[in-house]
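*Asks:* Next come a sequence and a model predicted from it.
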Amino acid sequence: MPPSKLDEEYVQNSFHTYLKSSLTQAKVEKLIEDQVLASAEADLMISGPALCLYFAALRCTTNPPSVPLPRATKSAPPLQLSPDNCPPAFLGFLAVWAATVPRIQCLIPQDQHDLARIICGLQPISIPPNSECAGIAADLRAVAIEISQRRTFQDRYASDLQAALDAGSSSNGLKVKTSFVPPPVYSDLLGPESAGYGSKKFSSPSSPSSVLSAFPSRTPSPTILTQDTPEIDFIRETLYSALAAVLEQITVSQAHKPHPLARLFKYDPPRAHFAAVSLAILEVATMQGIILPDQNAIMCVSAREPGGHKLTPDACPEPLRPFMIELIAIGRDAQVMQDEDNEVTIKAIERGDEDIPEPRFERVQAIIIDGVRVGGGSADDRCRARKRSVEGRTVAFANRVNALGLSISRIKAFRDREKDVFDVLGPRP
């Protein structure tokens, strides 16, 4: 008789117990400063859970890897989270994490510390750094991105951050409060009166909006990001145009081969919404004539200028510049990736290879929709190492696109009319 599956809520509670201690340990080791914990910037939604997975890998003592869970009561027997008893919703996360455990434990201590720094967006100390660390960090951050999209995580993350802030602080001193507030639930877009988001419901403690609603910025009142400016209008209309193209692909494909995003809209609308926005970023990045890397500019959609409006980071308000710089960089790298994919495919055809390698750009799209998964192995160590290197760079690039999707949510002007876009162009059941 197969072992029974653990309750999802029990596993979630265990994860948040470990997350609090992981954030506290990261604070002690100066990987995350109090200011970052208090500001609750968007990347902390990724680095926090990724650090929790990293510390769990260091503590792991079983083979195959499993996670010791806190006892529900003092008299309860010890439990290990393993593939046999893991709830189906978390099996993919556990598999990717388990694949990283031996790789993490094989690193020397200095490289392990560098890995933690890379997870937190800090530069490694070793010169040159161990290239294995970047691939591991990409996998852990990819799982963390999927975790951060879960509403149950968002609802409890503020208390995790606050616990880390309170650890070690004086009871007589000024108490620092985290500014993290969970995004409004995407429930109104899922109702029967909305266009094609199925019947799945989510509890809503606050006003409804999109799953990409605002994550607080470093400052309490970011005036630029809460008011319309011409530059934000240009970016918004360009992203809306790309989002419309993504949603149109879903609609067109329904008559032939269903688009993978259509399935996600049916079974997991919040994640589908997030994926659609990330795919819209890729659409902007690769649409001919939109990203102009050599001019460090974006040719934005403009109703008043038929040929488009050229926008550079220097012409944008300060809070919008990091977003613009990263969008242009993603466009530059995506175009290079597509060129390399074409070159690899042509060479494979010329050699008469039967198995044409999956283009990296298509793999990026698959990761955005389905998340990162454990790939198959190879008998040749060098071949396996090369595949792992390529996959690591692919996952890292997908993470950048997803992270930029989170930062878009800080721009109120973009969110204001998202519901209209999805209502008009979203897939019907």
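*Replies:* Nice, I can see it.

*Asks:* from here on, contacts and neighbour counts on C-alpha atoms
*Replies:* OK.

*Asks:* tell me the centre residue of this protein?
*Replies:* Nearest to the mean C-alpha position of the chain, counting by Cα atoms, centre = their mean, stands residue 145 at 3.3 Å.

*Asks:* Contact partners for that one?
*Replies:* 45, 46, 399, 402 (Cα atoms under 8 Å, 6 or more residues apart in numbering).

*Asks:* Quick check: next helix or strand after the helix or strand that contains it?
*Replies:* Per DSSP states H and E, residue 145 falls inside helix 131-148. For helix 131-148, the succeeding helix or strand toward the C-terminus, using DSSP H and E, is helix 151-166.

*Asks:* buried stuff in that next one?
*Replies:* 151, 153, 154, 157, 158, 160, 161, 162, 163, 164, 165 (16 or more other Cα atoms under 10 Å).

*Asks:* For it, what is the distance to the chain centroid?
*Replies:* Relative to its parent chain, helix 151-166 has a centroid offset of 18 Å by Cα atoms, centre = their mean, to the nearest Å.

*Asks:* And stretch 283-300, by the same measure?
*Replies:* With Cα atoms, centre = their mean, you get 23 Å for stretch 283-300.

*Asks:* For it, buried residues please.
*Replies:* Under 16+ other Cα under 10 Å, the buried positions of stretch 283-300 are 283, 284, 285, 286, 290, 291, 292, 296, 297, 298, 299, 300.

*Asks:* quick revisit: please report how far the residue nearest to the centre of the chain lies from residue 152.
*Replies:* According to Cα to Cα, to the nearest Å, residue 145 and residue 152 sit 14 Å apart.

*Asks:* now do residue 63
*Replies:* Distance from residue 63 to residue 152, by Cα to Cα: 30 Å.

*Asks:* Next: residue 140.
*Replies:* Going from residue 140 to residue 152 by Cα to Cα gives 19 Å.

*Asks:* what does residue 325 give?
*Replies:* Distance of residue 325 to residue 152, given as Cα to Cα: 32 Å.

*Asks:* returning to what we had before: with only the CA atoms kept, save the helix holding residue 145 in PDB.
*Replies:* Provided in PDB are the C-alpha atoms of helix 131-148 (Å, rounded to 0.1, in the frame of the first residue of the first chain):
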ATOM      1  CA  SER A 131      30.500  28.500 -12.800                       C
ATOM      2  CA  GLU A 132      28.400  25.700 -11.200                       C
ATOM      3  CA  CYS A 133      27.100  28.300  -8.700                       C
ATOM      4  CA  ALA A 134      25.200  30.300 -11.300                       C
ATOM      5  CA  GLY A 135      23.300  27.300 -12.700                       C
ATOM      6  CA  ILE A 136      22.300  26.100  -9.200                       C
ATOM      7  CA  ALA A 137      21.200  29.600  -8.200                       C
ATOM      8  CA  ALA A 138      19.100  29.800 -11.400                       C
ATOM      9  CA  ASP A 139      17.300  26.500 -10.600                       C
ATOM     10  CA  LEU A 140      16.600  27.600  -7.000                       C
ATOM     11  CA  ARG A 141      15.400  31.000  -8.100                       C
ATOM     12  CA  ALA A 142      13.100  29.500 -10.700                       C
ATOM     13  CA  VAL A 143      11.400  27.300  -8.100                       C
ATOM     14  CA  ALA A 144      11.200  30.400  -5.800                       C
ATOM     15  CA  ILE A 145       9.400  32.300  -8.600                       C
ATOM     16  CA  GLU A 146       6.800  29.600  -8.800                       C
ATOM     17  CA  ILE A 147       6.400  29.500  -5.000                       C
ATOM     18  CA  SER A 148       6.000  33.300  -4.900                       C
END
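
*Asks:* Okay, angle between that helix and helix 151-166 too, please.
*Replies:* Here helix 131-148 points in a direction 120 degrees away from that of helix 151-166 (axes from the mean of the first three to the mean of the last three Cα atoms, to 10 degrees).

*Asks:* Can you check which helix is longest in this protein?
*Replies:* Ranked by residue count under DSSP state H, the longest helix found in the chain is helix 321-351.

*Asks:* ok, and for stretch 308-324, which residues are buried?
*Replies:* Residues of stretch 308-324 classed as buried by neighbour count (16+ other Cα under 10 Å): 308, 309, 310, 311, 312, 313, 316, 320, 323, 324.

*Asks:* ok, the closest residue in space to the last one that isn't next to it in sequence - contacts?
*Replies:* Excluding the flanking residues, the one nearest residue 324 by Cα to Cα, 6 or more residues apart in numbering is residue 313, at 5.7 Å. Contact criterion Cα under 8 Å, 6+ apart gives 296, 297, 320, 321, 322, 324, 325 as the residues in contact with residue 313.
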